[in-house]
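[1] Generate a structure from the sequence data that follows.
(2 chains)
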Amino acid sequence: MNKNNRIALMVTALLLTNVSPVWAQGEASMEHENHETMPASVNDAAMGNMDFSGMDTGDMEQSMDHSSMQNSMDHGDNGMAPAFMQGGSAPADARDPHAYSDGYDFGSIPRPRLADEHNFGSLLVNRLEAVNNNDNSWTSYDLQAWYGRDYDRLVLKAEGDVDSGTLEEASTELLWSHAVATFWNSQIGLRYDSGKDPNRVWLAFGIQGLAPYWFELDATAYLGENGRSALAFEAEYELLLTQRIVLQPRLEATLYGKDDPERALASGLSGMTAGIRLRYEIRREFAPYLGIEWAGMFGDTADYARSAGQATDDTRLVAGVRFWF
Amino acid sequence: MKYMAPDSQMHQTLVSPDFPRRRFVQGLAAGGVLMGLAPWVKPAFAMPSAETITGSAPLLSGTEFNLTIAQTPVNFTGSPRMATTINGLIPGPTLRWREGETVTIRVTNHLNESTSIHWHGIILPYEMDGVPGVSFTGIAPGETFVYRFKVQQAGSYWYHSHSGFQEQTGMYGAIIIDPANESTQQTERDYIIQLSDWTDDDPMTVFARLKKQGDYYNVNQPTMTDFFRDVSVEGLSSAISKRRMWNQMRMSPTDLADISAYGYTYLMNGTTPRGNWTGLFKPGERVRLRFINGGTQSFFDVRIPGLQMTVIQADGLDVEPVTVDEFRFGPGETYDVIVTPQRDAYTLFAQSMDRTGYARGTLTSRVGLKADVPELDKPEWLTMGDMMGSMSHEGMADGEMAGMQHGGDAMAMGTATVSVRHASTEYGPSVDMRVDNPRTNLDDPGVGLRNNGRRVLTYADLHSTAAPDDQRGAEREIELHLTSNMERYTWSLDGLEFGKSTPIHFRHNERLRVILHNDTMMTHPMHLHGMWSDLESPDGKFLVRKHTINVQPAQRVSFLVTADALGRWAWHCHLLYHMDAGMFREVVVA
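    Numbers count the residues shown, from 1 in each chain, chains lettered A, B, ... in the order given. The predicted structure is shown next:
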C-alpha cells in the first residue's frame, strides 16, 4: 500500500469516529432553529406536507382552527417524518439549563450521588457456539463487555475460533467508548490479533450504535504496523417472533488495505459472513440458539486459500448459547 | 356474587402466555413479613382487626412516635427475602396526627447503611424533610434522628425512605391527619388502601438490568406475530405505517412501564393479590377509601366494578366531589374516595398501567365472600399524540386526544401560550426526542384509558374547594423539560442528569409559574418537596393544589408555586428508578 492509500484510510478512520454527529444531523433534517426560518419546501419535505412554514408556534391560535389544521396535517400515508424530533444541534437561542441557579451551588451537605455517577458493567456473550461445516467442527465465540457510566465506558470486544483446544484465530479489542449522539458511540483503542498465524496489533477507531429501524451497527477502521490497515463492518438485527423467540440475522465483512501473506490476507474485501440465528430466551439473560451461516473469501484472499488447497466459502450449522449478565 | 373456591377467581395474570408466572404475580396468600424478628422489633404485627380480615398496618396516634428501621425477612412469592421495614412491618405503621399539633418522631436505624424518612406532601421546615444530601446528612447506622415539626395541614399522606432503594424494599407507610376542627366528611368506615410494588430481586440488580437492556421487563413488545395479524386485519400498508415511525425513531410503542409484573408483585396494604386484602362494610354504609400510591415504579388504574367512586380529596386536600368509575394515579399521589356499597362483595382492582398485573383486594359485607376479579385490559400502544403532542395526525383522527374532541377551540387554547424553548443540553446523547408542539389539555386520561367506556378521572376534573392562599399571579416563569434516552436508560431534566446539574433558585416568597414539558414517552409523577403546586388549566385558571403532578408523554403543564419555604428541597420524578438515574434537582429557596 502506498502512502496515499494509507492517508486515505486514516482519513476514513477519523471520519468514522467523528461521523456520528453528522449522521444524527442527517436524521434531524429539521433543526429547531430552522423551525422558524426554513423555507416552505424544506418544511414540506421534512414534515410530510404540513405547512408550518413562517408560522411561529405562538401564531397558532390565530392561524389555525381545527379544520384548517386537519387540512394542513392531512398527509395521508406519507408518514410523519420524525426527523425533527431527534438529534440536531442546539440553536443559538436555546435555553441555558443552568440559568435558573442564579449562581447558587449545592450546600455544605455533600449532595446525593445518583446512578448517573455510578459505574455499571456488563458482559454479553453474543455467540458461544459449536460450528459445523461439511469437513470440520470447531468452537466460535463473540463477546462484548463494558464497564463505566452512561456516556463513557471501557469496552472489551473479543471474537475467535477454537479448534480442539487450540486458538485458531482471535481478535481482541480494548476500546474507550464515548457517546457522541443519542444512539451512537465513538470508540478508540487497540486490537490484538492472535492465533496460529503471526500476531498483529492495530489502532482502532470505530463507531457503534443503533441505526433507524433498530439495526445494530459496528464499523471500525484499523491502522497496524508496516502500513497495514483494515476496515471491519458488522450489522445485526433482532426480529421478535414472540416475546421469547428471536430471529437474529447478522452480517460481517472485513477489508484490508494491504496484503499480509503471513496471515493469508490480501488487500480489498477479504471475507464476509452472513448468518441467521434463532434463539429462545429462557430468561432474558440466557438463550440457546440454532443457526446457519455462510462464510466466504474474496479477491486475492480467496486465491491464497485456493493455493493452500482450501475451500473459499462454506456453509455452516451453528448451535450455541447467548447469555449476559 | 357468590362464594368461590380459593383458586377459581385466578384469571390470567400476564397478557403474554409466554410468561406464566402465576404464583409470582399472584404472590402467596399469606405473603408478607415472616416470624423471627430481630429483638428490637416489637411484635407489632399487622394484626387482624375487627374491621379487616387480612390485616392492615397498626395505627399509631398522638404526638410522640418511635420508628425502628431494620432488615426483616419477608416472603411474598414463595422465595424468602430480606426487606427494609419500619417497626417490622410492610407497610409501616399508619401515623395519625392532628392538624395544629407538633409531632415528634424518633427514627432509629438498625440497618448497616444510612437511612431516612421523608414525609411526602407535608409542609415543614426543610431540615425535617428527610432527604439525605439535601435536607440533612441522613440517619447513620445505630443512630436515632428526631423529627419534630408542627402539622399545618390535614388529609391522607404517606412517608417513605429517601435513601437508595429502601422504598422499593418495603420502607413506606401511611399518614392520616385529622383536621383541627373535625372532619367535614364523616363516613361509617375509613380504610387506607396503600398500593405498592414488590420485587424479589435486589433493586440495584433491577436497575443494572435496565441500564443493560431498557426493555428487559417489557413482555408486550411488538412481534412479527402481531405484524402478521395486523396485515391480515388491516392490510399491509396500514401494518407498516403503524410501525414506521416507531422503528425510525428507535422507540417502542409498548414501553409503558420500565418494570412490569415480570419483575413485580403488586401489593395492596402489603398483601398480595392472592392474599386478597379485605375490608368489611354493612350494606348502605358510606366507606371512605384513602388510596395511596406507594409504588416505586408503577402507575395503577383503580376501579371497583359495580361501584362508583366519589373523589373528595386529591393529595390530601379537599376537591369538589367528582364521581368516576376509575382513576389512574402515579407513585406519590393520593386520592380519597367515598363509596356506598350495597351488595355482598366488591373487588378493589388496581391494574398496572402496562396491563401485566394488578393489586387486588375486597370490600365485603360477610367474611369469606368475594367478587369476581376482572380480566386485565388489553395493553394499548402509545399513540402518535403521546410522541408528538398536538401535532399528531393519528391522535386527532382517532379522537384519542381529548383536546381534539372539542373542535378547534381546545387546540387553539392548548397552544395559545406555548412557546417551547428546549435547553441547549437537549441536543446531545442524553435526549432521544424533543416535542416542539406539546399538548396542554388536561382532560386526557392517558394511554390505555381513552374511550374505555368508563368514566375515568382526569386532572381537568379536579377542582380544589379552597382558592390558593396566595392570589398573586406569577412574577416569573421556570420551564423545565423532562428528558431521557430510553435506549441508554438515562433520565434527566433539560437533558442533564442530577450529577451535571446546578440547583434551581426560587426567590423567597415569590409567586412562580413552573412549566413542566415532557420530552419523553412516559408519564412522570413530578414531586416538588416543601411547597404546594397549584396546577393551572391550559387557559391559566387555578384547578387544584397538589404535591405530585403527573406529566403525560408530550404534554406540557404549568403550576404556580409560592416560594415561602426557605431552605433546600428535592424536586424529582417519583418513579424511583428515574429519580435515581438523575431525574432530580435541588431547589434553593433563598
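[2] Could you tell me which residues of the stretch 201-325 of chain A lie near chain B?
    A:210, A:212-214, A:239-244, A:247, A:284, A:324 (C-beta under 8 Å from any C-beta of the partner chain). The C-beta positions use only the backbone N, C-alpha and C, and glycine is treated the same way.
[3] Run a quick neighbour tally on B:Asp202.
    14 (other C-beta atoms under 10 Å in any protein chain shown).
[4] what's the distance between B:His422 and B:Thr483?
    Applying C-beta to C-beta, to the nearest Å, the value for B:His422 to B:Thr483 is 9 Å.
[5] and for these two, which residues touch both?
    B:Asp519 (C-beta atoms under 8 Å, 6 or more residues apart in numbering or on different chains).
[6] Looking at these two, which is more packed in?
    Taking other C-beta under 10 Å, B:His422 and B:Thr483 do not tie; B:Thr483 has more neighbours (28 against 25).
[7] now for the helix or strand harbouring that one, which elements pack on it?
    Remark: B:Thr483 resides in strand B:476-485, with elements defined by DSSP states H and E. Contacts defined by 3 or more C-beta pairs under 8 Å, 6 or more residues apart in numbering or on different chains; DSSP states H and E place strand B:476-485 against strand B:490-493, strand B:511-518.
[8] and these, which is most packed in?
    Of those, the one with the most neighbours on average (mean count of other C-beta atoms under 10 Å in any protein chain shown) is strand B:490-493, at a mean of 30.
[9] anything in that strand near chain A?
    Yes - applying C-beta under 8 Å from any C-beta, one finds strand B:490-493 in contact with chain A at B:Thr490, B:Ser492.
[10] Extract the C-alpha trace of that strand and format it as CSV.
    Provided in CSV are the C-alpha atoms of strand B:490-493 (Å, rounded to 0.1, in the frame of the first residue of the first chain):
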residue,chain,number,x,y,z
THR,B,490,-30.8,7.7,31.2
TRP,B,491,-33.4,10.0,32.8
SER,B,492,-32.8,13.7,33.3
LEU,B,493,-34.2,17.2,33.3
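[11] which residues touch that strand?
    For strand B:490-493, contacts defined as C-beta under 8 Å, 6+ apart pick out A:116, A:150, B:430-431, B:480-484, B:497-498, B:501, B:520, B:573, B:577-579, B:581-585.
[12] Tell me which entries of the residues you listed lie within helices.
    Among these, the residues falling in helices (DSSP state H) are B:Tyr577, B:His578, B:Met579, B:Ala581.
[13] Point out where the stretch 301-450 of chain B drops to low pLDDT.
    For the stretch 301-450 of chain B, the stretches with pLDDT under 70 are B:391-418.
[14] In it, mark out all the strands, start to finish.
    Secondary structure of the stretch 301-450 of chain B (DSSP state E, counting those that start in this stretch): strands at B:309-314, B:317-324, B:326-329, B:334-339, B:345-352, B:358-364.
[15] And the ones you listed: which comes nearest chain A?
    Of all the strands of the stretch 301-450 of chain B, strand B:345-352 sits nearest to chain A, with 16.7 Å by C-beta to the nearest C-beta.
[16] is it true that A:Ala305 lies in a helix?
    Yes - per DSSP: H, G, I helix; E, B strand; the rest coil, A:Ala305 lies within a helix segment.
[17] For burial, what's the neighbour tally of it?
    17.
[18] In contact with it, which residues?
    Taking C-beta under 8 Å, 6+ apart as the contact definition, A:Ala305 lies against A:Ala264, A:Met297, A:Ala311, A:Thr312.
[19] The last one and A:Asp303, how far apart?
    Spelled out, that is A:Thr312. 9 Å.
[20] next one: the third one
    In this view, A:Ala311 and A:Asp303 are 13 Å apart by C-beta to C-beta.
[21] So which bits of the stretch 101-250 of chain B are right by chain A?
    B:131-134, B:136-137, B:207-209, B:211-213, B:216, B:219-225, B:237, B:241, B:244-245, B:247-250.
[22] Narrow those residues to those in helices?
    B:207-209, B:211-212, B:224-225, B:237, B:241, B:244-245, B:247-249.
[23] re earlier: and the residues of the stretch 201-325 of chain A next to chain B, which two are the farthest apart?
    A:Pro212 and A:Arg244 (25.5 Å; C-beta to C-beta).
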